[in-house]
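Enquirer: Mind looking at a prediction? Sequence and model below.
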Amino acid sequence: MHGFDGFGGGWMMILWWILIIVAIVALLKWAVPSSGRWPGSERQPQSKSALDILKERYARGEIDKDEYERKKKDLLN
């Protein structure tokens, strides 16, 4: 008899495909971190400090230099 003929050969082919699928799933579980995101995917931005936000507001022109200096002094004290 040939390797994949008859009753036993059909089961061998099914087991072969199951093994391939299990290997692919295991590889994906290993490649994807526990957070469920792909490596290199977009990450959530880190929270900014109050001083960083103040600097951005000053840079955008939302507050003037006097207000910036006053608030900066309050934050650092």
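Expert: Looks like it came in fine.

Enquirer: residue contacts, A59?
Expert: Residues near A59 by CB atoms under 8 Å, 6 or more residues apart in numbering: none. The way it works is simple: take the backbone N, C-alpha and C, and place the C-beta from them, glycine included.

Enquirer: Hmm, Y58 is touching Y68, no?
Expert: Yes: if you go by CB atoms under 8 Å, Y58 and Y68 touch, sitting 4.3 Å apart.

Enquirer: Could you give the backbone dihedrals for S47?
Expert: When read as degrees, to the nearest 10, the backbone of S47 gives phi -70, psi 140.

Enquirer: how near is it to I14?
Expert: Distance, S47 to I14, using CB to CB, to the nearest Å: 51 Å.

Enquirer: Among these two, which residue is more densely surrounded?
Expert: Taking other CB atoms under 10 Å, S47 and I14 do not tie; I14 has more neighbours (10 against 7).

Enquirer: Model confidence score at that one, please.
Expert: I14 carries a pLDDT score of 91 in this model.

Enquirer: same question, A31
Expert: In this model, A31 is scored at 80, pLDDT.

Enquirer: can you give me the offset of the helix ranked longest in the chain from its chain's centre?
Expert: Looking across the chain with DSSP state H, the single longest helix is helix 6-31. Centroid separation for helix 6-31 versus its chain: 28 Å, with CA atoms, centre = their mean, to the nearest Å.
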